[in-house]
Each structure stands twice: as C-alpha cells, then as structure tokens.
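Visitor: let's see this in three dimensions:
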Amino acid sequence: MDTDDCAQALLQGLLRLGSRLRHERPPGALTAKKIMVLGHLRRNGPCTPSAVALAEHQQLQALTRTFGELEADGLISRRRSETDRRASILSIADAGAQALSDDLAQRAEWLASALGALTPVEQQLLALAGQLLNQLADTLATDGRAGTRSP
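Guide: Numbers count the residues shown, from 1 in each chain. Reported below is the predicted structural model:
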C-alpha cells in the first residue's frame, strides 16, 4: 500500500469512527469547541487564549465566546499574566477536568466495548495507531508538507 492509499484508508476510518463517537455523546454533552479547549488546557497546562487558538488551529475570535462560557460555568479560570498585564492566562478548573472526564467517559466506554471484539494483536495495533495519530496531530504543515512541529 502506497502513502496515498494509506492516507485514503486512514481518512475514511477516522471520519467514520469520528461520526460514531459523536453519535455516542451523552445528552447535554459539552460542545466540540469546549472539549477542545478543556483538553488543550489539561494536556498543556495554563496558557493564553491566543496560544490555545494557535495550537488548535482556530481563530481567536471563534473561541472568545467558548472561553467566556467555560469561565462562566466555572470550568476554566482566567487571571492576568504576570509578564504582560494586558494578557490573560487560562487554566482548567477542577470542575472543568471533571466535566471533561465525564463527557468523554460514555464514548470511552463504547470504544472499549467495541475494542473487546478485536484480538489482542489488533488492539495493540490500534494502541500504536493512536500514538501515531497524536504524533500526526502535533505536526503543523505550514508549507503543505508534514514534519514541521507545532510550538
């Protein structure tokens, strides 16, 4: 299988799995943008709104409402930067970490159940694929080619 065939097969599988996982969302689940922001803050720690937008390939203006809603719901906190008083630093609150875990739990449960139908070798291959998918997600293609690491 060449690289183009691999990309097509991977894309098809990812899109179908993503659709299925969205279907498994519980009622009242967090929006995709809220999950993205909370996940970023959980993975990377406190950072500026601009850093979240840049790392997640979003426009800052598109996330402004999401940041405000998360803060109003007590899921993130905002404080002034000590180095630049004009900037704010976002942090995930304990309630935000719990809300993220709760929101993802139902989908994780479905996925674990589905994985149970696979052999141990297939499960190991998917675990490796998950690591590689995260590695791919961390690449920033500024010139149309993969391989440049994001900040």
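Visitor: for the rest of this, base every contact and every neighbour count on C-alpha atoms.
Guide: Will do.
Visitor: low-scoring pLDDT stretches of this structure, where are they?
Guide: The chain contains residues with pLDDT under 70 at 140-151.
Visitor: please enumerate the helices of it.
Guide: Secondary structure of the chain (DSSP state H): helices located at 3-23, 32-44, 49-55, 60-72, 94-115, 120-137.
Visitor: what is the neighbour count of Ala51?
Guide: Using other CA atoms under 10 Å, Ala51 has 17 other residues around it.
Visitor: again but with His23, I slipped
Guide: Neighbours of His23 under the rule other CA under 10 Å: 10.
Visitor: count the neighbours of Arg79 for me.
Guide: Around Arg79 there are 13 residues (other CA under 10 Å).
Visitor: kindly report the same for Arg25.
Guide: 16.
Visitor: for it, which residues are in contact?
Guide: By CA atoms under 8 Å, 6 or more residues apart in numbering, Arg25 lies in contact with Asp103, Leu104, Gln106, Arg107.
Visitor: please verify my assumption that the first one contacts Pro26.
Guide: Yes: in this structure Asp103 lies within contact range of Pro26 using CA atoms under 8 Å: 7.2 Å.
Visitor: could you check how far Leu90 is from Gly96?
Guide: Relative to Gly96, Leu90 is positioned 12 Å away (criterion: CA to CA, to the nearest Å).
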